[in-house]
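**Q** attaching a predicted model along with its sequence, questions to come.
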Amino acid sequence: MKKLLSYTTILILCVGCFDNDFVTKPVFIDDTYMGRESTSTKIVSISSRITSGKIDAELNVTPGAMYSLQLVNIKGEMVKNHGFTAEEVRVVKSLDYREVPNGSYDLTLMDTQGNITKVPLIIQR
């Protein structure tokens, strides 16, 4: 009986270690469309690196792709998030950070593939 269990265990381990059709293939759901694959994720310019709260950010993006524009504090915590789907190659976003406390931040542009562009930003009143 012990030999039968040993051989069965070894057989299961051997079969399980090989890539074969026994393993279920991943199923992709069409309802979770994440936009087009981005080819450009870049913050071209911002109106001012030192601001009292209002800035304009010019972005170079891929039309149809989804992006997240985040304000991240020096501790790495996300303070504000603006998600959008690009409609043109050049996008200008007007951002109002007047209620955000004074300090040093990173303005981060991220696409759905994880590509990131950062620019430093100081909010000072």
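**A** Alright, I've got the coordinates. Numbers count the residues shown, from 1 in each chain.
**Q** pull the number of nearby residues for the closest residue in space to residue 87 that isn't next to it in sequence.
**A** Closest residue to residue 87 apart from its sequence neighbours, by C-beta to C-beta, 6 or more residues apart in numbering: residue 63 at 6.0 Å. Yep, even glycine has a C-beta here, placed from its N, CA and C like the rest. Look at residue 63: counted by other C-beta atoms under 10 Å, it has 14 neighbours.
**Q** ok, residue 73 next?
**A** 16.
**Q** do the same with residue 44
**A** 14.
**Q** what do you get for residue 47?
**A** 13.
**Q** next one: residue 98
**A** By other C-beta under 10 Å, 11 other residues sit near residue 98.
**Q** please apply the same query to the one 5 residues further on.
**A** As a burial measure, the neighbour count of residue 103 was computed by other C-beta under 10 Å and equals 13.
**Q** who touches it in this structure?
**A** 73-74, 122-123 (C-beta atoms under 8 Å, 6 or more residues apart in numbering).
**Q** now do the strands in this structure.
**A** Assigned by DSSP state E, the strands in the chain fall at 41-46, 50-51, 54-61, 66-73, 78-85, 90-96, 103-111, 116-123.
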